[in-house]
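Novice: I would like the atomic coordinates for the input below:
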Amino acid sequence: MKEYKVLNVKCGGCANTLISKLAPEFGEVEVDLEQMPRVVRIFQENINEERLRVLLKSLGYPMVDEELGFFEEAGTKAKSFVSCAIGKAKS
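Specialist: Next comes the predicted model:
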């Protein structure tokens, strides 16, 4: 199991989106909503971390160590709101 700290995860809707989008490629996924920053746990060995980083960022949930410019940061926050709404609608 490996843990990744991510930004912009606010609620169960966000967690549902992360789990549904990451699981097909990375297997079992958990999102810890009790910690700040939020933690995504992946239980697969040999994780392609670059692919994970790209996928998280495309959903609006970059890793905390990701260096983002002002506009890129604003863009990921906007994407996270959309991802969150989709996750809420599916739950």
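
Novice: Next, Val31: phi, psi?
Specialist: Note on Val31: its backbone torsions stand at phi -120, psi 120 [degrees, to the nearest 10].

Novice: Kindly state the beta-bridge partners for it.
Specialist: Val40 (DSSP bridges).

Novice: Just the helices from the protein, written as ranges.
Specialist: All helices of the chain, identified by DSSP state H, fall at 12-26, 49-59, 70-90.

Novice: any residues touching the shortest one, and which ones?
Specialist: Applying Cβ atoms under 8 Å, 6 or more residues apart in numbering, the contact partners of helix 49-59 are 4, 6, 17-18, 21-22, 25-26, 40, 42, 62-63, 66, 76, 79-80, 83. (Glycine included, C-beta is placed from N, CA and C.)

Novice: same thing but 7 Å
Specialist: Val6, Thr17, Leu18, Lys21, Leu22, Phe26, Pro62, Met63, Glu66, Thr76, Lys79, Ser83 (Cβ atoms under 7 Å, 6 or more residues apart in numbering).
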